[in-house]
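# return atomic coordinates for the entry below.
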Amino acid sequence: MLKVIDFSGLISFQDLGRKGFQSFGVPVSGAMDWFAQRVANELVGNSKDATVIEIGLGDITFRAKRDCVLAVTGAGFEVQNYVWTFPLWTSFYVRAGWHVQIKKISGGNWAYLAIAGGFDVPQVLGSSSSYSRAGIGSPIHVGDVLQNGKPNGELTKLAARDFPVQKFIQYSQTPTIDVIAGPQRERFDNTFFENEYTLSKSFDRMGYRLEGKEIESNYKSELISEGMTMGSIQITNQGQPIVMMADSPTTGGYPKIANVIRADLPLLAQCESRTSKIQFREISVNEAQDKYRRMMKT
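Below you'll find the model as predicted:
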């Protein structure tokens, strides 16, 4: 049980997402960095679909109301528990009355806080994920006391775990992001794949606007809106890419040159605005599937 003392930035409950309702215009949502969310739950003995708190682009401070075990994963943050500083990708014991602060530093955008037993949050359409634009999900306010379920083991045995993140994913501010061809790939030359792009200041959970060399289209005809998903890369009329993220709309009308593979979505999610230098590489569907399978051997 944690009491929210203060926070800044984007704070929300997230799980694996709200699947099966895109045909009704409801985004999947879920964690921006799905890998970090999954590992945070594993570290404290939760099921992979347990609810976590996503902390984006800011800080948050809690006070434990009773003894608990927490884990924080992601990139670009540090954790202070009472008088100690803990690295990310570890679980740690918190005694009642202690303060826990998750502070934004450099090197990423999103952190994930899991508590042994999972946060006890009402579900909407089968998920606890928040989609703030539609008012779906439970918002978090200063002063809230966040309840958790029963841990799946003794707290002392769930604490002091760590995860060898570097064996599975290499977070970087100069990443090469693998993609598969999109449905309108033939409309464009290789400009997108031959140049670096940066993340603009205009980004959020819905989409990442990128800036770089203008990408020209060989087609001038209008495109009828069609389905989209997290990772879809649209090219605007100004020739700049927009990558759809966790709160992606369910349809869109810009042509899609490519789609970020699932294994590399966490890398892109953790790229920082005006700092990262991002390159994209086209691979096959089979290669994308192999990369995902290797990543899931955790």
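
# who's Gly56 bridged to?
For Gly56, the residues forming beta bridges with it (DSSP bridges) are Leu10, Trp110.

# any idea how far it lies from Asn286?
33 Å (C-beta to C-beta, to the nearest Å). Using the backbone N, CA and C atoms, a C-beta is placed for each residue, glycine as well.

# what about the two, which has more around it?
Taking other C-beta atoms under 10 Å, Gly56 and Asn286 do not tie; Gly56 has more neighbours (21 against 9).

# pull the distance from stretch 240-249 to the chain's centre.
Per C-alpha atoms, centre = their mean, to the nearest Å, the displacement of stretch 240-249 from the mean C-alpha position of its chain is 13 Å.

# next one: stretch 18-28
18 Å.

# name the residues that touch it?
The contact list for stretch 18-28, computed with C-beta atoms under 8 Å, 6 or more residues apart in numbering, reads 17, 29-30, 124-127, 129, 131, 134, 136, 227, 229-230, 246-251.

# can you select the buried ones among those for me in PyMOL?
Here the buried members of the contacts of stretch 18-28 are turned into a PyMOL selection, burial being counted by 16 or more other C-beta atoms under 10 Å:
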select buried, resi 17+29+30+124+127+129+131+136+230+246+247+248+249+250
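
# so Asp264 lies in a strand, does it not?
No. Going by DSSP: H, G, I helix; E, B strand; the rest coil, the assignment for Asp264 is helix, not a strand.

# show me what contacts it?
By C-beta under 8 Å, 6+ apart, the contact set of Asp264 is 175, 177-179, 291.

# kindly recompute the last result at 10 Å.
When the contact criterion is C-beta atoms under 10 Å, 6 or more residues apart in numbering, the partners of Asp264 are 169, 175-179, 231, 280-281, 283, 288, 291-292, 295.

# nearest residue to the residue positioned nearest the centre of the chain other than its sequence neighbours?
Centroid-nearest residue in the chain, with C-alpha atoms, centre = their mean: Met32, separated by 1.6 Å. By the measure of C-beta to C-beta, 6 or more residues apart in numbering, the closest residue to Met32 outside its immediate chain neighbours is Ala269, 4.3 Å from it.

# what sits against that neighbour?
With contacts defined as C-beta under 10 Å, 6+ apart, Ala269 is in contact with 31-36, 56, 74-75, 108-110, 171, 205, 208, 230, 243, 245-246, 260.

# with Val72 instead?
Listed by C-beta under 10 Å, 6+ apart, the contact partners of Val72 are 36, 40, 43, 52-53, 55, 78-79, 81, 86-92, 100, 102, 111-114.

# strands - which of those residues land there?
Within the contacts of Val72, residues falling in strands by DSSP state E are 52-53, 55, 78-79, 81, 86, 90-92, 100, 102, 111-114.

# between these, which has the most around it?
Ala111 (31 neighbours).

# my guess is it contacts Phe77, does it?
Yes. Contact between Ala111 and Phe77 holds when scored by C-beta atoms under 10 Å: they sit 4.1 Å apart.

# which residues do those two both contact?
Common contacts of Ala111 and Phe77 (C-beta under 10 Å, 6+ apart): 55-56, 58-60, 88, 102-104.

# and of the residues you listed, the nearest to Leu2?
Ile60 (9.8 Å; C-beta to C-beta).

# pLDDT weak spots in the protein?
When the per-residue scores of the chain are filtered using pLDDT under 70, the ranges that remain are 298.

# excluding residues flanking it in the chain, which one is nearest Leu43?
Using C-beta to C-beta, 6+ apart and skipping the chain neighbours, the partner closest in space to Leu43 is Ala71 (3.7 Å).

# on the three-state scheme, that neighbour is what?
Quick answer, by three-state DSSP: Ala71 is strand.

# name the residues linked to it by a beta bridge.
Under the criterion DSSP bridges, Ala71 forms beta bridges with Ser91, Ala114.

# how close does it get to Lys103?
For Ala71, the distance to Lys103 equals 16 Å [C-beta to C-beta].

# one more: Val165?
Here Val165 is placed at a distance of 19 Å from Lys103 (C-beta to C-beta).

# ok, the closest residue to Gln234 other than its chain neighbours to Leu2 distance?
Nearest in space to Gln234, with sequence neighbours left out and distances taken as C-beta to C-beta, 6+ apart, is Tyr254 at 3.7 Å. According to C-beta to C-beta, Tyr254 and Leu2 sit 41 Å apart.

# tell me if I'm right that Asn259 and Met244 touch.
Yes. Taking contacts as C-beta under 10 Å, Asn259 lies within contact range of Met244: 8.9 Å.

# list residues touching both of these two?
Taking C-beta under 10 Å, 6+ apart as the contact rule, the neighbours common to Asn259 and Met244 are 228-233.

# so what's Leu2 up against?
Contact partners of Leu2, counting by C-beta under 10 Å, 6+ apart, are 53, 60-66, 68, 70, 94, 100, 113, 115, 119, 144-148.
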